[in-house]
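Visitor: give me a model of this one.
(one chain, ligands or ions: 2)
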Amino acid sequence: MHTVRRRIIPTINSSSIFLYKSIERRLFPQGSSSPPILQKEQISSADKMAKPISIEVWNPSGKYRVVSTKPMPGTRWIRLLSDQDCRVEICTDKKTILSVEDILALIGDKCDGVIGQLTEDWGEVLFSALRRAGGTAFSNMAVGYNNVDVDAATKCGVAVGNTPGVLTETTAELAASLSLAAARRIVEADEFMRAGLYDGWLPHLFVGNLLKGQTVGVIGAGRIGSAYARMMIEGFKMNLIYYDLYQATRLEKFVTAYGQFLKANGEQPVSWKRAATMEDVLREADVISLHPILDKTTYHLINKESLSIMKKDAILVNCSRGPVIDEAALVEHLKVNPMFRVGLDVFEDEPYMKPGLAELKNAIVVPHIASASKWTREGMATLAALNVLGKIKGYPVSTDPNQVEPFLDEKSSPPAVCPSIVNAKQLGLPSSKF
Ligand SMILES: NC(=O)C1=CN([C@@H]2O[C@H](COP(=O)(O)OP(=O)(O)OC[C@H]3O[C@@H](n4cnc5c(N)ncnc54)[C@H](O)[C@@H]3O)[C@@H](O)[C@H]2O)C=CC1
Ligand SMILES: O=C(O)C(=O)CO
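Guide: Numbers count the residues shown, from 1 in each chain. Ligands and ions are numbered 1, 2, ... in the order given. Below you'll find the predicted structure:
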C-alpha cells in the first residue's frame, strides 16, 4: 500500500510546536478504523464507501485515541489532551455537517472518546459503535444537547458531556443585540444607506421602538434567559415578565434591588412578574426572547395561536433552537403584520430558512452565531475536551456545572474533574465539589 506521510505546519503558535513530536495528515477511508494511508487521487469518487475523510493527528504515540469531529478554536484543548497521553485526531474534512457514516468511519475499531458537534445525530448507531471501539466518553461542544439521544448513550455506558456556563453571557449579548437591532431597524437602515437611498433626514425615516419603560418577556429564565433579562433591565430600564417551570429567584432579587436603587435615585423603578402561563408573557411583553431547552414540551411553543396573542408591534427573538418556533407560521405572521419584528439566530430546518423568510424586511437573520466570541468558543472546546479526558481518566464529575472558571484559567492546570456530564447519575459516576 502506498503511503503518504507529510509534515504540515501546525496552525498553533510556535511555542507549542515542540510539544508535539510529529503531525500527520492522512486521508481516512470510511468504514475502516486504522486505515491505510491513501493518496486522494487513488480514491474513486463514484465509490461512496471509499470517500476520504481527512484528519490531522496530534501526539501520535498517545495511549488514548480521542477524535474531534471538527477543528475547534484555540489550542489549549489539544495540549490538555496530548499532555495526558491522548492521541488527538481532528477531522478536517471540508463537509460542514458530517453524516452518521462519516462519524462511524472516524470512530473505527479503537476509540476512547469523541468530541462532537450540535449538527450531528448522536443516537444508538454512533454510541454502540463508540462502545464497540472501547469508548466510554462523548462530549458535545455545546450546552444544548437535543441532537444527542442520552438514553441510548446511557444504555451503551457512554458518558455525555456538554459545555454550560461558558457561553451564557456571549449568547445573552447576541439576544440583546438582536433585540436592539430589531427595535431600531438597524439592518434595514444599513441596507438603505448602502443602496444609496439616503437623501436627507426625515421625521418618519426608520422610526422604531423605544425600549426604556417597556416590558421584556423571557421564556426560559435559566442561565442565558436570566443573563439576557439582566442586560435588558439594567441597560434599558425595562420591566420583566418571565415564564419558566422553575422560579428564577436570583433574577427576581436582582430586579427588586435594581428597582430600589432607581427609586432611591429619583428614577422610575423597574418591576418583575413571574407569569403563571406563557400566554401571559406573550400578551404583556413588548420584546420577547426565547431561551428554553428544546424538548417535547418546547417544540413549536410559538405557533400560529401564540403569535396571534402577541402585540402587533412586538419583537420576538430566538437564540435557543429553531424548532421552538413554527417557522412557517412565523413567516405568515410577519407578512400580515409588518410592524412585528423578529431577530433569529436559529432556524427550524437549519441551515435552511422556511420559504419567504429571507425576503421579509421585518426579520433579522444570523447564522447560529450566538455563542461566537473567541473566549467562549475556546472555552467550549476546553470544557468538551476535559469532559472526555475526565471520563477516560476516571475522574469524578463536578457537582456544579456552572463553576467553569477553574477549568478555563490558562495559568493553572485544570482540576481533575469532568466539568459537566449530563447522564452522570444514570451511569452512577462519582461526583466532586472540588
Ligand atoms: N443559539 C446559540 O448559539 C445557543 C443556543 N443555546 C440554547 O439555549 C438553551 C438554554 O441554555 P441555558 O440557559 O444554558 O440552559 P438552562 O438549562 O440554564 O435554561 C433553560 C431553561 O428553560 C427552562 N424550561 C425548560 N422547559 C421549559 C418550558 N416548557 N417552558 C419554559 N421554560 C422551560 C428550564 O427550566 C431552564 O430554566 C440551550 O439548551 C441551547 O439549546 C445555548 C447556547 C448558545
Ligand atoms: O451551545 C449551544 O447549545 C449552541 O447552540 C452553540 O453554542
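Visitor: against residue 362, how distant is residue 336?
Guide: 11 Å (C-beta to C-beta, to the nearest Å). Bear in mind the C-beta positions are built from the backbone N, C-alpha and C, glycine included.
Visitor: who has more neighbours, the two?
Guide: Counted by other C-beta atoms under 10 Å, residue 336 and residue 362 do not tie: residue 362 has more neighbours, with 17 against 8.
Visitor: for the more buried one, grab phi and psi.
Guide: Phi and psi for residue 362, reported as degrees, to the nearest 10, are phi -90, psi 20.
Visitor: now stretch 161-174, how far from the centre of its chain.
Guide: 7 Å (C-alpha atoms, centre = their mean, to the nearest Å).
Visitor: which residue is nearest the middle of this protein?
Guide: Nearest to the geometric centre of the chain sits residue 142, at 4.3 Å (C-alpha atoms, centre = their mean).
Visitor: quick check, the residue in the stretch 101-250 of the chain closest to ligand 1?
Guide: residue 222 (1.9 Å; C-beta to the nearest ligand atom).
Visitor: tell me the contacts of that residue?
Guide: Residues near residue 222 by C-beta atoms under 8 Å, 6 or more residues apart in numbering: 244, 248, 291, 292, 293.
Visitor: try residue 329
Guide: 302, 303, 304, 307.
Visitor: just flag the most distant two among these.
Guide: Between any two of the contacts of residue 329, the greatest separation by C-beta to C-beta is 9.3 Å, found for 302 and 304.
Visitor: near ligand 1, which residues of the chain are found?
Guide: 143-144, 164, 167, 171, 219-225, 243-246, 291-294, 297-298, 319-321, 345-346, 368, 370-371 (C-beta under 6 Å from any ligand atom).
Visitor: may I see the PyMOL selection of the buried members of these?
Guide: Applying 16 or more other C-beta atoms under 10 Å to the residues of the chain next to ligand 1, the buried members can be selected in PyMOL as follows:
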select buried, resi 143+144+164+167+171+219+220+221+222+223+224+225+243+244+291+292+294+298+319+320+321+345+346+368+370+371
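Visitor: just the ones of the residues of the chain next to ligand 1 in helices?
Guide: Among these, the members falling in helices (DSSP state H) are 171, 223, 224, 225.
Visitor: which residues do residue 302 and residue 304 both contact?
Guide: 326, 329.
Visitor: these two: who's more crowded?
Guide: residue 302 (24 against 13).
Visitor: surely the more buried one is in contact with residue 327?
Guide: No. The criterion here is C-beta atoms under 8 Å, and residue 302 misses it with residue 327 at 9.3 Å.
Visitor: before we move on, back to that, got the phi and psi for the residue of the stretch 101-250 of the chain closest to ligand 1?
Guide: Dihedral angles (degrees, to the nearest 10) for residue 222: phi -90, psi -140.
Visitor: so where's the stretch 151-300 of the chain uncertain?
Guide: Nowhere does the stretch 151-300 of the chain drop to pLDDT under 70.
Visitor: all strands of it, in order?
Guide: 159-161, 215-219, 239-243, 272-274, 287-290 (DSSP state E, counting those that start in this stretch).
Visitor: using CSV, please lay out the ones you listed together with distance to residue 385.
Guide: Shown next, in CSV, are the strands of the stretch 151-300 of the chain (distance: least, C-beta to C-beta, whole Å):
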stretch, distance to residue 385
strand 159-161, 9
strand 215-219, 32
strand 239-243, 34
strand 272-274, 38
strand 287-290, 30
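Visitor: now those strands as TSV including distance to ligand 2?
Guide: What follows is these, written out as TSV (distance: least, C-beta to the nearest ligand atom, whole Å):
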stretch	distance to ligand 2
strand 159-161	12
strand 215-219	16
strand 239-243	20
strand 272-274	25
strand 287-290	13
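Visitor: quick check: residue 385 touching residue 137?
Guide: No. The pair residue 385 / residue 137 is not scored as a contact, 10.3 Å apart, by C-beta under 8 Å.
Visitor: so those two - more neighbours on which side?
Guide: The residue with more neighbours, out of residue 385 and residue 137, is residue 385; 32 against 26, by other C-beta under 10 Å.
Visitor: so how far is ligand 2 from the more buried one?
Guide: 15 Å (C-beta to the nearest ligand atom, to the nearest Å).
Visitor: need the contact list for that residue.
Guide: Going by C-beta under 8 Å, 6+ apart, residue 385 touches 66, 68, 77, 78, 80, 81, 115, 139.
Visitor: cutoff 10 Å now
Guide: Counting by C-beta atoms under 10 Å, 6 or more residues apart in numbering, residue 385 touches 66, 68, 72, 74, 76-81, 84, 86, 88, 113, 115, 139, 141, 161, 163, 407, 414, 419.
Visitor: which residue does the stretch 251-400 of the chain bring closest to ligand 2?
Guide: Closest point on the stretch 251-400 of the chain to ligand 2, by C-beta to the nearest ligand atom, is residue 371, at 3.2 Å.
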